[in-house]
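J.: sharing a sequence plus its predicted fold:
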Amino acid sequence: MMWFAELDFIHDTGASMMGVYQGDLKTLLGPFAATAGPTIPVVGMVRSRVASGDYTTRQVIEVEVTILDGNRQRMTAWTRTRCCLNPGSWTLSTVPRLDGQVMRDFLYLATSPASGRGLHISNTRSDLNLPDLDLASNPPIPLPVPPPGTFAQGYGGWVVPLAGPLLMLKAAPGAPP
């Protein structure tokens, strides 16, 4: 019996490994999820640093993945990859599933100054079809440069008293105390 499960991921250049949620396992097991049929073995553990700066340890499983284009056509062959297992289930309020290295490993990715920071993705380098910009004749518009001696303005700050502890100045209007 063959089947596939379709899960949405976001491309995150900082993600070193693909991640799915424990709640996704029933979807990945397809028709076997409600039976005592095949299970998904843990092939290792990974310790990684998350966006908050904390370290976390996660189980690692192997899954077979492919990437679909905007017309839902496969761009890559089915490929086995390792994936960390995040606790819980995905919801709109949780961290999205991250693709890890998968797109960078199998597709050509590019950006262009004229694409509004869009990401161009293709199976071949020649299919990227990026605009050929003559930056020498059409340079990007530079940001204005402030005059020398301009300093950033801020509210509050540290005051070093002549004697005693360091004190923080009063918060700016609208800032929490």
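T.: Thanks, I have the structure now. Residues are numbered from 1 along each chain as shown.

J.: my guess is V43 meets V60, correct?
T.: Yes: the pair V43 / V60 is scored as a contact, 5.5 Å apart, by CB atoms under 8 Å. C-beta coordinates here come from the backbone N, C-alpha and C atoms, glycine included.

J.: C84 - how many residues pack around it?
T.: Burial of C84 is recorded as 22 neighbouring residues (other CB atoms under 10 Å).

J.: neighbours of the closest residue to it other than its chain neighbours, how many?
T.: Leaving out its chain neighbours, the residue that sits closest to C84 by CB to CB, 6 or more residues apart in numbering is R58, at 4.1 Å. Residues contacting R58 under the criterion other CB under 10 Å number 19.

J.: and R58, how far from E64?
T.: For R58, the distance to E64 equals 19 Å [CB to CB, to the nearest Å].

J.: then D99?
T.: Distance, D99 to E64, by CB to CB: 14 Å.

J.: show me which of these two is the more surrounded one.
T.: Using other CB under 10 Å as the criterion, D99 and E64 rank with D99 on top: 23 against 11.

J.: and that one, its phi and psi?
T.: phi -80, psi -10 (degrees, to the nearest 10).

J.: that one contacts V20, correct?
T.: No: in this structure, D99 is not within contact of V20 by CB under 8 Å, at 10.6 Å.
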